[in-house]
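Peer 1: Pasting the sequence and the predicted model now:
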Amino acid sequence: MLRIRNKIKPEIAEEQCGFVVDKGTSNAIYILRTLIERALEVQKNVYLCFIDYTNAFDRVRHDEIITELKQLNIDGKDLRIIKTMYWEQTAAMRIENKTSTFQDIKRRIRQGCVLSPDLFSLYSEIIMQNLENHPGIKVGGQNINNLRYADDTVLIAETKEDLQKTSKYR
């Protein structure tokens, strides 16, 4: 598991403050507060869109994670471990005395598993790559258009129009 985590870790953007060693909610709050204070100092507007993905771990698409893991050169042995742990799952429903047929589960990572936060963070990077060139707030020459803590995301822009464009890609 450590081999996999070490390959995923460098792929996680600085904007992610959740599931990251030495970062937490206080970092995310500090960054957001500093952005707002600096914008007020130079009399610029700041538009924010707060997003909390419902059942975020349940929405992770297996095929997209596997593709990304392959691009990170995760070896076949480790991919088989991940597939066995997470994706070779089936489920059935039982209502009263009747059980449905078993269905393959094509989305979801297990909450509580040591690798799940890393897989979720990697999945969120796949989604957030679409925002890479969208306008945000410039700080020290760097464009900041989002801030994340685990599955909570703040989209950041200087104009309402830019925020609306950015929110289409989440």
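Peer 2: Yep, that arrived. Residues are numbered from 1 along each chain as shown.
Peer 1: Can you show me the strands along the protein?
Peer 2: For the chain, strands defined by DSSP state E occupy the ranges 47-52, 90-91, 94-95, 98-99, 103-104, 137-139, 142-144, 146-149, 152-157.
Peer 1: Go through the lengthiest helix in the chain and flag the buried ones.
Peer 2: Of all the elements of type helix in the chain, the one with the most residues (DSSP state H) is helix 25-41. Going by neighbour count (16 or more other Cβ atoms under 10 Å), the buried part of helix 25-41 is 27-28, 31-32, 35, 39. Any C-beta I mention is one placed from the backbone N, CA and C, and that applies to glycine too.
Peer 1: ok, now stretch 51-70?
Peer 2: Residues of stretch 51-70 classed as buried: 53, 56-57, 60, 62, 65-66, 68-69 (neighbour count, 16+ other Cβ under 10 Å).
Peer 1: Need the distance between the two termini of that stretch.
Peer 2: Distances were taken as Cα to Cα, to the nearest Å; on that basis the terminal residues of stretch 51-70 are 29 Å apart.
Peer 1: Run through this protein and note the low-pLDDT ranges.
Peer 2: Low-confidence segments of the chain (pLDDT under 70): 106, 168-170.
Peer 1: tell me the contacts of the residue nearest the centre of it?
Peer 2: Most central residue of the chain, judged by C-alpha distance to the mean C-alpha position with Cα atoms, centre = their mean, is residue 124 at 2.4 Å. By Cβ atoms under 8 Å, 6 or more residues apart in numbering, residue 124 lies in contact with 16, 148, 151, 153.
Peer 1: Quickly note the distance from it to residue 111.
Peer 2: Here the criterion is Cβ to Cβ, to the nearest Å. By it, residue 124 lies 15 Å from residue 111.
Peer 1: Show residues contacting the longest helix of the chain.
Peer 2: Under the criterion Cβ under 8 Å, 6+ apart, external residues in contact with helix 25-41 comprise 17-18, 45-46, 48, 137, 139, 144, 147-149, 154, 156, 158.
Peer 1: what do you get for stretch 84-102?
Peer 2: By Cβ under 8 Å, 6+ apart, the list of residues contacting stretch 84-102 from outside reads 62, 66, 103-106, 108-110, 113, 115, 119.
Peer 1: ditto for stretch 160-170
Peer 2: Stretch 160-170 is contacted by residues 47-49, 51, 127, 130-131, 134-136, 145-146, 153, 155-157 when judged by Cβ under 8 Å, 6+ apart.
Peer 1: Now the two most distant members of those.
Peer 2: 47 and 127 (20.0 Å; Cβ to Cβ).
Peer 1: Distance-wise, check the residue lying closest to residue 79 once chain neighbours are set aside relative to residue 43.
Peer 2: With sequence-adjacent residues excluded and distances taken as Cβ to Cβ, 6 or more residues apart in numbering, residue 79 is closest to residue 69, at 6.2 Å. Here residue 69 is placed at a distance of 46 Å from residue 43 (Cβ to Cβ).
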